[in-house]
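Asks: here you go, sequence then predicted model.
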Amino acid sequence: MDDYRVVADELAADIEAGRLRPGDRLPPQRRFARDRGIAGSTAARVYGELIRRGLAVGEVGRGTFVRAARPAPEPALAEPGDARVDLELNFAVLPSQSAKLAYALEPLLRADVFTDALHPVGAAGTKAVREAAAGLLSRGSWEPDPATVLVTGNGRQGIAAAISTFVPLGERLAVEALTYPVVKALATRLGAQLVPIETDADGLVPAALEAAHAAAPVRALYVQPTLHNPLGPTMPPARRAELADTVRRLDLPVIEDGIYTFLRPDVEPLAALAPERTVFVDSLSKRVAPGLTAGFVVSPAAWTARLAGAVRSGGWGSTRFAMEAATRWITGGALAEVETAKRIDAAERATILDECLAGFTVVGDPAAYHRWWELPEQWRAETFVAAAARHGIALSPAASFAVLPGHAPNAVRLAVSAPPKKTLAAALEVLATLAAGSPDDTLPD
């Protein structure tokens, strides 16, 4: 028998019937050829065919083994499977960071120091944490005054405090047309009406903001100039200067979300150009981890008392223990080491993404932990997300970020910080194969 495919089909039938089980070792190729009365080269092709079909795996020096059979192909739009590779939530927790951060906290666990950390504290925090935060957030010529720093439980709470300060119930808050989903939820709870502002490749378009304000006054602007979520771009200097001039002319308070700025330490915030009207919000949730965080709000001096009142009345303040932890991480250098490691990690993941999705339209700053994928014409974003979920991969469709329902582009956001790098690469290859096909296709065995 010289048709290796016939022999491979017989072995495949044995595997499907359970006569050959996952983990079983196949005979050495010479013995298999002798037992079957076939040439040694034919036996090699049989084993190669089984490996190609995903039914066997070859291990150097050990032989060829039956592998766990893949599930039968199902339509791409079948119900989601149980396995998940999380490309939806953006949080990076590096294996090396826990030891660094834990070591920095050891003095805090001494009984006398720990007792002090349990005492209550106000929105202004402690002098030590204000000074540490001011140093942490400084960029280029922008050096926040520690006296204008407030501390919240996290960045979301800082944003909530700023919205409640500047946007009365029923009034209008300008935001990018695609924006951070939590801001949409906060606006709903705080009674603010969101006004979507056009963006382009450089970020928010100042002329569009001016036009929206002329149509009906807005009370404040929420904006993400650095590593915008979800689109990914970093606003260039000329656009920042234009936006600063516009908000100054319109007399608008600005809420600047700086949550990803640690990944671009070379970029000054918008607050450096319009310090008298910009509230800068940042936190430790991306620098450290979502479960170990404190938020920082840098305010113009004239507004600090108002914002502090909002933090107190909203219950958005930080615990003293979190403040003490943040202070030690910042002043002791542990946080700087973690930030450096994450910038390296983000760059490595960007390389993986670029390699796996070469040929597709994927945009955004390569320093970011997320990118924006404009899908091929045959796919709709929600359909693609459903198909990816069937293969155990969670994605965010553009509609999650759109201010106006029905105005979402045909795209998804890829958040690449969470999975191990090998898992990330494998998931992106699955998505590339999926995107190259159509909604009615199945992934190849």
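Replies: Received, thanks. Numbers count the residues shown, from 1 in each chain.
Asks: where along the stretch 1-150 of the chain do the strands fall?
Replies: Taking DSSP state E, counting those that start in this stretch as the criterion, the stretch 1-150 of the chain contains strands spanning 56-59, 63-66, 85-86, 149-152.
Asks: next: the stretch 301-445 of the chain.
Replies: Using DSSP E, counting those that start in this stretch, the strands of the stretch 301-445 of the chain run over 361-363, 370-374, 393-394, 396-397, 411-415.
Asks: pick the most deeply packed of the ones you listed.
Replies: Of these, the one with the most neighbours on average (mean count of other CB atoms under 10 Å) is strand 411-415, at a mean of 25. Quick note: C-beta positions are derived from backbone N, CA and C, even for glycine.
Asks: what's the angle between it and strand 370-374?
Replies: For strand 411-415 against strand 370-374, the angle by axes from the mean of the first three to the mean of the last three CA atoms, to 10 degrees is 160 degrees.
Asks: quick one: A174 is in a strand?
Replies: Yes - under DSSP: H, G, I helix; E, B strand; the rest coil, A174 falls within a strand.
Asks: how many residues are close by it?
Replies: Using other CB atoms under 10 Å, A174 is surrounded by 26 other residues.
Asks: quick check: the gap between the residue nearest the centre of the chain and G155.
Replies: Taking CA atoms, centre = their mean, the centroid of the chain lies closest to N90, which sits 2.5 Å from it. According to CB to CB, to the nearest Å, N90 stands 13 Å off from G155.
Asks: out of the strands of the stretch 301-445 of the chain, which is closest to A134?
Replies: Closest approach to A134 among those is made by strand 370-374 (27.7 Å; CB to CB).
Asks: which among the strands of the stretch 301-445 of the chain is found nearest to V267?
Replies: Using CB to CB, the nearest of these to V267 is strand 370-374, at 16.6 Å.
Asks: rewinding a little: compare the mean pLDDT across the strands of the stretch 1-150 of the chain and name the weakest.
Replies: Among the strands of the stretch 1-150 of the chain, strand 56-59 has the lowest mean pLDDT, at a mean of 72.
Asks: who does that strand pair with, and is each partner parallel or antiparallel?
Replies: With DSSP bridges as the test, strand 56-59 is paired with strand 63-66 (antiparallel).
Asks: what sits up against the partner strand?
Replies: Residues from elsewhere that reach strand 63-66 (CB atoms under 8 Å, 6 or more residues apart in numbering): 15, 20-26, 28-29, 47, 50-51, 55-59.
Asks: next, count neighbours for D354.
Replies: D354: 13 surrounding residues under other CB under 10 Å.
Asks: who touches it in this structure?
Replies: Contact analysis of D354 by CB under 8 Å, 6+ apart lists V362, P366.
Asks: okay, it: pLDDT?
Replies: You'll see D354 listed with a pLDDT of 97.
Asks: look up how far A432 lies from it.
Replies: Noted for D354: a distance of 12 Å to A432, by CB to CB.
Asks: hmm, A294 and D282 touching each other?
Replies: No - D282 lies out of contact with A294 (CB atoms under 8 Å); the separation is 9.9 Å.
Asks: who has more neighbours out of the two?
Replies: For D282 and A294, the more surrounded residue by other CB under 10 Å is A294, and the numbers stand at 30 against 25.
Asks: now do the more buried one against R328, distance only.
Replies: Here the criterion is CB to CB. By it, A294 lies 12 Å from R328.
Asks: now do G406
Replies: Plainly put, G406 is 48 Å away from R328 if you go by CB to CB.
Asks: of the two, who's got more company?
Replies: Between G406 and R328, counted using other CB under 10 Å, R328 has the larger neighbour count: 23 against 6.
Asks: my guess is the more buried one contacts E106. True?
Replies: No - with contacts defined as CB under 8 Å, R328 does not count as touching E106, sitting 9.3 Å away.
Asks: ok so, going back, closest one to S96 among the strands of the stretch 301-445 of the chain?
Replies: Closest approach to S96 among the strands of the stretch 301-445 of the chain (CB to CB): strand 411-415, 20.9 Å.
Asks: so, low pLDDT: which residues of this structure?
Replies: Applying pLDDT under 70 to the chain flags the ranges 1-2, 59-62, 68-83, 441-445.
Asks: max-length helix in it?
Replies: If you go by DSSP state H, the chain has its longest helix at helix 334-356.
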